[in-house]
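K.L.:
Pasting the sequence and the predicted model now:
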Amino acid sequence: MKAIVCVKQVPDTSGKVAVKADGTLDRASMATITNPDDLNALEAALKLKDETGCEVVVVTMGPPPAEGMLRELLARGADKAVLVSGREFGGSDTFATSQILAAAVNKIGVGPEDVVFCGRQAIDGDTAQVGPQIAEKLHLPQVTYVADIQKDGNSLTVKRMLEDGYMMVKVQTPCLLTCIKELNQPRYMSVNGIFTCYDKPMEVFDYNALKDDPLIEVDTIGLKGSPTNVFKSFTPPQKGAGTMLTGDDTAAQLAGILAKKHLI
Ligand SMILES: Cc1cc2nc3c(=O)[nH]c(=O)nc-3n(C[C@H](O)[C@H](O)[C@H](O)COP(=O)(O)OP(=O)(O)OC[C@H]3O[C@@H](n4cnc5c(N)ncnc54)[C@H](O)[C@@H]3O)c2cc1C
């Protein structure tokens, strides 16, 4: 049994956000972190490993320096890492990204008891599309917004967060789950994990490694295979400072202001 975890390296937006003249993020000059939801996905996989002894494989698509993040995830307890990296993959939108990641998951191999974990959403692209698209392309059942997982033989009972409550879903493995922060508290790297993370296996899947998968065609990956295009990116103008109403008659003050503007 395997747990395959898709993890994205994202810019650290808690510091200074660098924006290029064309309005896009200057990723090269920003520090990077592991996408927060993906740490919850990894923790869910590690809990499954604690219960069943399964193998945990982390996979990311990104440039070669993403190896540093993968080593950190190995130090947190993952058993094996896969870096999907190649010039042919550059410029991919979510369709092309999920095409490539699905091919990588195919190459790792999905067995009858396996679970593919993703975060719900990445904090940079923010679309929440990649997990569901991977499931679709691998013909796997999927549950999104996962807040709890109970394993019961070859099926999982999953608590799925809704806007105003929860839904309990029973899903058969193999399946794909997208995880939210309410699911768990990610563990830290252990001292032993830090010592052993460079001894654990790390494979690189480049274009040649994936090109035989039917999902990988020149017109389904990279810029050429991306049906969406960002034609404009801009920072919205800042709103003016608000007015703070104080005193015992704030409702009357507000009504007066709205009446003056002919809004009531
Ligand atoms: C219209 C459009 C055009 C774009 N064009 C470009 C471009 O030209 N160049 C460019 O570099 N980027 C581009 N991007 C960004 C790129 O598509 C995203 O980085 C990528 O597809 C992931 O989408 P997301 O950030 O919305 O992830 P989400 O869908 O929000 O991520 C959900 C989950 O999917 C998994 N996941 C997502 N991405 C990865 C990954 N790379 N590796 C492993 N797991 C992952 C993670 O588990 C993550 O939590 C574009 C995006 C859009 C919407």
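P.N.:
Yep, that arrived. Numbers count the residues shown, from 1 in each chain.
K.L.:
can you point me to the longest strand in the chain?
P.N.:
In the chain, assigned by DSSP state E, the strand with the most residues is strand 142-152.
K.L.:
can you dump the C-alpha coordinates of the helix or strand following that strand into CSV?
P.N.:
Sequence-wise, the next helix or strand beyond strand 142-152 is strand 155-162, with elements assigned using DSSP states H and E. Presented in CSV, the C-alpha positions along strand 155-162 are these (Å, rounded to 0.1, in the frame of the first residue of the first chain):
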residue,chain,number,x,y,z
SER,A,155,-12.7,1.9,2.0
LEU,A,156,-12.2,5.2,3.8
THR,A,157,-14.9,7.1,5.7
VAL,A,158,-14.1,10.8,5.0
LYS,A,159,-15.6,13.9,6.6
ARG,A,160,-15.9,16.6,4.0
MET,A,161,-16.3,20.2,4.9
LEU,A,162,-19.2,22.2,3.4
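K.L.:
any idea of the mean pLDDT in the longest strand of the chain?
P.N.:
Per-region confidence: strand 142-152 scores 96 on mean pLDDT.
K.L.:
and the angle from it to strand 155-162?
P.N.:
130 degrees (axes from the mean of the first three to the mean of the last three C-alpha atoms, to 10 degrees).
K.L.:
Kindly spell out which helices and strands sit in contact with strand 142-152.
P.N.:
Contact partners of strand 142-152 among helices and strands, from 3 or more C-beta pairs under 8 Å, 6 or more residues apart in numbering; DSSP states H and E: helix 36-52, helix 130-138, strand 155-162, strand 165-172, strand 175-179. For glycine as for every other residue, the C-beta is placed from the backbone atoms N, C-alpha and C.
K.L.:
and with 6 Å instead?
P.N.:
If contacts are counted by 3 or more C-beta pairs under 6 Å, 6 or more residues apart in numbering; DSSP states H and E, strand 142-152 sits against strand 155-162, strand 175-179.
K.L.:
Spatially, and excluding backbone neighbours, which residue is closest to the residue in the stretch 51-200 of the chain positioned nearest to the ligand.
P.N.:
Here the stretch 51-200 of the chain gets closest to the ligand at one residue, Gly125, 1.9 Å apart by C-beta to the nearest ligand atom. Leaving aside its sequence neighbours, Gly125 sits nearest to Thr94 (C-beta to C-beta, 6 or more residues apart in numbering; 6.9 Å).
K.L.:
Give the full set of residues in contact with the one you found.
P.N.:
Shown in contact with Thr94 (C-beta atoms under 6 Å, 6 or more residues apart in numbering): Thr127, Gln129, Val130.
K.L.:
Quick check on those residues: which are buried?
P.N.:
Gln129, Val130 (16 or more other C-beta atoms under 10 Å).
K.L.:
Go ahead and confirm Val110 touches Pro174.
P.N.:
Yes - at 4.9 Å, Val110 and Pro174 qualify as touching, with contact defined as C-beta atoms under 6 Å.
K.L.:
hey, where'd the strands end up in the chain?
P.N.:
Ranges of strands in the chain, per DSSP E, are 2-6, 9-11, 32-34, 55-61, 80-84, 115-119, 142-152, 155-162, 165-172, 175-179, 202-205.
K.L.:
any chance of the ones you listed in CSV, plus distance to the ligand?
P.N.:
Shown next, in CSV, are the strands of the chain (distance: least, C-beta to the nearest ligand atom, whole Å):
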stretch, distance to the ligand
strand 2-6, 4
strand 9-11, 7
strand 32-34, 10
strand 55-61, 4
strand 80-84, 7
strand 115-119, 3
strand 142-152, 10
strand 155-162, 15
strand 165-172, 18
strand 175-179, 7
strand 202-205, 11
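K.L.:
now those in a markdown table, with distance to Arg71?
P.N.:
Below are the strands of the chain laid out as a markdown table (distance: least, C-beta to C-beta, whole Å):
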| stretch | distance to Arg71 |
| --- | --- |
| strand 2-6 | 15 |
| strand 9-11 | 12 |
| strand 32-34 | 11 |
| strand 55-61 | 10 |
| strand 80-84 | 8 |
| strand 115-119 | 19 |
| strand 142-152 | 26 |
| strand 155-162 | 29 |
| strand 165-172 | 32 |
| strand 175-179 | 22 |
| strand 202-205 | 8 |
